[in-house]
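[1] show me how the following folds:
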Amino acid sequence: MSRRSVALFAALLGVALVVAFVARSDTRPTVAAAPSEQAEPAVGEPAPGEEEGRGGNLEAVEQVETTEKRLETLHEARRAGTLAVDASTMTTAPASGWAGEYVVNKRADDWEPAVAADPNAPYVYVVTTRYGVGKPCSGNCPDPWMALSISKDGGATWGAQVPLCACKGSGQFDPIIEVVPATGDVYALYMNAYNVVFIRSTNHGRTWSAPVRTYGKVSWNDKPVLATSDNGRDIYASWNGPQGGDPWIAQSHDFGRTWTQTRLKQAEDYYYAFDGDVTHSGQVIFAESSVNYSSSVGLSGTTRVHAIVSSDRGTTWRDVVVDSYPAGLQSTERADYYAGHAALSADDDGNLVIAYDAPTTAYGLQRIYTRRSTDGGLDWSARSAASTGGEMATAPAMESTGHGDVRMFYFQTAHGGDVDVWNVWYRSSTNGGATWTSQVKISDASGGAAYKVTRGFLEPYGDYGEMGITSTGKTIAAWGEGNSYLGPGGVWVNRQI
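    Below is the predicted model:
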């Protein structure tokens, strides 16, 4: 995910506010009808007919700047001999019922994983954002690129890592992967520079379709999330775009062949989509957050968690504010790094649980909170704290199955809120999130990597991790650990046995 760095924001704040004043109004309704399909530009090219807005310019500069810095830290680590994970010096202490965490690639700088598990077959898929290693094509080849791993036995063993799409471009970012429940087809979204594209596989990831544009005439788009109906016909993608992080919905009702786009609102705050689901009855729900970048020193004002809901297959949408709170503790490397994450999942009965990080006081430590909905996301229960008080927590991931079987993990500090040491903790519920099991630490490896320290690791690596539930009912989780926001780091996986 490309989220704005505060340094860049401060440098360009004056220009951004001028563009925002001229280009924005807040008069659009939150409920919108899906428009007719629009002509599409070439993949990776700016789209005509739509003002780019301040977000596109700022985000594009930040993306290039961050990629260059991340590649620089990667090369420095490689020269110093500290990039690779040394399994011979690593020890694991798996929790009961867990296999123990392992790194996807010992010699790669992997960031922001996506995970999907087939509910009816033993296939599991993990995609990582890979920097500076083995470009998958010649010429104008992307860096980073999406590395795909496939397991045919529920995550016990894995095949060779291959490019999700060996497509040319300046860089691939923000992978999302899902399995269609009824067919086993695999759907994926990713950003080609600042264009979100869709691909699909009908043979368990062996081959993939050519990228299809989801964005029509929208000139830039960022941070996609994907949700699909049980049969795979109806596909919904939420991403932000012009004017400055406005929430958009792209949707296809022909298995991803063609797409339409709807801007939900012109918003003063910047929206980020983090998770989404489609219930068996067809209700569509996205979990999103909106943050305020009006301060030159980082986030300010009010952060909100939203459920973006459609009960009519994407014809109209409702923006439900689930919770609101002040900005939380900010990272010294990038102020918004810990803020505004949300995860959401629906069980087989259509009941929802949402998890999100929120501070107890302005600019204070965050906790993970959960809420429940039994009417498709229109109404929500009171918040309930899931993480430990007095620690800093961020970036929950969640998945559900059956009747009230909900599972989640999150990052949490290990030393009274000291953000120099983190771990990943897992909890589950059998009653739809009303109560939860005790915390289980699933980041259980020590040593072997430069970022592994006593009692944990130095920094979450990536704006999100993900989890899946295999066809045998076991949890598989993937997340990033690193030296810092700029890395290098690796994607780690743990699974129930």
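[2] what strand or helix carries the residue nearest to residue 457 when sequence neighbours are not counted?
    Leaving aside its chain neighbours, residue 457 sits nearest to residue 481 (4.2 Å; criterion: Cβ to Cβ, 6 or more residues apart in numbering). Backbone N, C-alpha and C define where each C-beta goes, glycine included. Per DSSP states H and E: residue 481 is located in strand 475-482.
[3] residues touching the residue nearest to residue 457, list them.
    Counting by Cβ atoms under 8 Å, 6 or more residues apart in numbering, residue 481 touches 422, 443, 449, 451-452, 457-461, 489-490, 492.
[4] what's the angle from the longest helix along the chain to strand 475-482?
    Counting by DSSP state H, the longest helix found in the chain is helix 53-80. Helix 53-80 runs at 80 degrees relative to strand 475-482, counting by axes from the mean of the first three to the mean of the last three Cα atoms, to 10 degrees.
[5] any idea how many residues pack against the nearest residue to residue 374 once chain neighbours are set aside?
    Leaving aside its sequence neighbours, residue 374 sits nearest to residue 351 (Cβ to Cβ, 6+ apart; 5.3 Å). By other Cβ atoms under 10 Å, 20 other residues sit near residue 351.
[6] please renumber the chain so that the first residue is 268 from this point on.
    OK, 268 is where the count begins now, so the last one is residue 618.
[7] ok, residue 618 to residue 563 distance?
    Shown here: residue 618 relative to residue 563, a distance of 42 Å by Cβ to Cβ, to the nearest Å.
[8] all the strands of the stretch 418-567 of the chain, residue numbers only.
    In the stretch 418-567 of the chain, the strands defined using DSSP state E, counting those that start in this stretch lie at 429-430, 439-446, 453-459, 462-468, 479-480, 489-495, 502-508, 513-519, 527-530, 537-545, 551-562, 565-577.
[9] tell me which other helices or strands the fifth one touches.
    Spelled out, it's strand 479-480. strand 462-468 (3 or more Cβ pairs under 8 Å, 6 or more residues apart in numbering; DSSP states H and E).
[10] list the contacts of the strand it packs on.
    By Cβ under 8 Å, 6+ apart, strand 462-468 touches 310-312, 431-432, 441, 452-458, 474-482, 487-489, 491, 502, 504, 506, 517, 519, 522-523, 526.
[11] what do you get if the cut-off is 6 Å, keeping everything else the same?
    With contact meaning Cβ atoms under 6 Å, 6 or more residues apart in numbering, strand 462-468 is reached by 310-311, 432, 453-456, 475-476, 478-482, 488, 491, 506, 523.
[12] please compute how far the strand holding residue 748 lies from its chain's middle.
    In terms of Cα atoms, centre = their mean, to the nearest Å, the gap separating the centre of strand 742-749 from the centre of its chain is 12 Å.
[13] paired strands for that strand, with orientation please.
    Next to strand 742-749 in the sheet, as set by DSSP bridges, lie strand 726-727 (antiparallel), strand 733-736 (antiparallel), strand 756-762 (antiparallel).
[14] mean confidence for it?
    The average pLDDT within strand 742-749 is 98.
[15] swap in stretch 710-718?
    The average of the pLDDT scores along stretch 710-718 is 97.
[16] first-to-last residue distance for it?
    13 Å (Cα to Cα, to the nearest Å).
[17] check whether the residue nearest to residue 641 really touches residue 640, as I assumed.
    No - the criterion here is Cβ atoms under 6 Å, and residue 618 misses it with residue 640 at 7.0 Å.
[18] in space, what's closest to residue 501 - neighbours in sequence excluded?
    Excluding the flanking residues, the one nearest residue 501 by Cβ to Cβ, 6+ apart is residue 520, at 5.4 Å.
[19] same deal with residue 619?
    In space, residue 619 is closest to residue 640, 4.3 Å off (Cβ to Cβ, 6+ apart).
[20] with just CA atoms, put the strand holding residue 748 into CSV.
    The C-alpha coordinates for strand 742-749 follow below in CSV (Å, rounded to 0.1, in the frame of the first residue of the first chain):
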residue,chain,number,x,y,z
THR,A,742,-5.8,-21.1,9.8
ILE,A,743,-2.9,-19.9,7.7
ALA,A,744,-1.5,-16.4,8.3
ALA,A,745,1.1,-14.2,6.6
TRP,A,746,2.6,-10.9,7.6
GLY,A,747,5.8,-8.9,7.2
GLU,A,748,8.7,-8.3,9.6
GLY,A,749,11.6,-5.9,9.0
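[21] what about the strands in the stretch 268-417 of the chain?
    Going by DSSP E, counting those that start in this stretch, the stretch 268-417 of the chain shows strands at 358-359, 369-370, 376-384, 391-398, 412-418.
[22] my bad, should have said the stretch 618-764 of the chain
    Under DSSP E, counting those that start in this stretch, the stretch 618-764 of the chain gives strands at 619-626, 633-640, 651-652, 660-668, 672-680, 689-696, 707-708, 712-713, 719-720, 723-724, 726-727, 733-736, 742-749, 756-762.
[23] got those strands as TSV, with distance to residue 423 columns?
    As requested, the strands of the stretch 618-764 of the chain are exported to TSV (distance: least, Cβ to Cβ, whole Å):
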stretch	distance to residue 423
strand 619-626	28
strand 633-640	29
strand 651-652	34
strand 660-668	19
strand 672-680	19
strand 689-696	19
strand 707-708	20
strand 712-713	18
strand 719-720	24
strand 723-724	24
strand 726-727	26
strand 733-736	14
strand 742-749	10
strand 756-762	8
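[24] looking at those, which is nearest to residue 548?
    Closest to residue 548 of these, according to Cβ to Cβ: strand 619-626, at 12.2 Å.
[25] what's that closest one in contact with?
    With contacts defined as Cβ under 6 Å, 6+ apart, strand 619-626 is touched by 554, 572, 592, 595, 608-611, 613, 633, 635-640, 644, 660-661, 663, 665, 673, 675, 700.
[26] try it again with 7 Å
    552, 554, 572, 574, 589-590, 592-593, 595-596, 608-613, 632-640, 644, 653, 660-663, 665, 667, 673, 675, 699-700 (Cβ atoms under 7 Å, 6 or more residues apart in numbering).
[27] in the chain, where is pLDDT below threshold?
    268-325 (pLDDT under 70).
[28] show me what residue 610 is bridged to.
    Under DSSP bridges, the beta-bridge partners of residue 610 are residue 622.
[29] got a list of what residue 425 touches?
    416, 417, 418.
[30] only whichever of the contacts of residue 748 are buried, select them in ChimeraX.
    Listed next is the ChimeraX selection for buried residues among the contacts of residue 748, using 16 or more other Cβ atoms under 10 Å:
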select :689,710,716,718,719,724,725,726,727,728,756,757,759
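[31] which of the contacts of residue 748 lies closest to residue 544?
    residue 727 (23.5 Å).
[32] the closest one touches residue 677, doesn't it?
    No - shown here, residue 727 and residue 677 do not form a contact pair, counting by Cβ atoms under 7 Å, at 9.7 Å.
[33] between the strands of the stretch 268-417 of the chain, which gets nearest to residue 558?
    With Cβ to Cβ as the measure, strand 376-384 is the member of these nearest residue 558 (18.5 Å).
[34] what about residue 346, neighbour count?
    Neighbourhood size, residue 346 [other Cβ under 10 Å]: 9.
[35] that one and residue 753: what is the separation?
    Distance from residue 346 to residue 753, by Cβ to Cβ: 16 Å.
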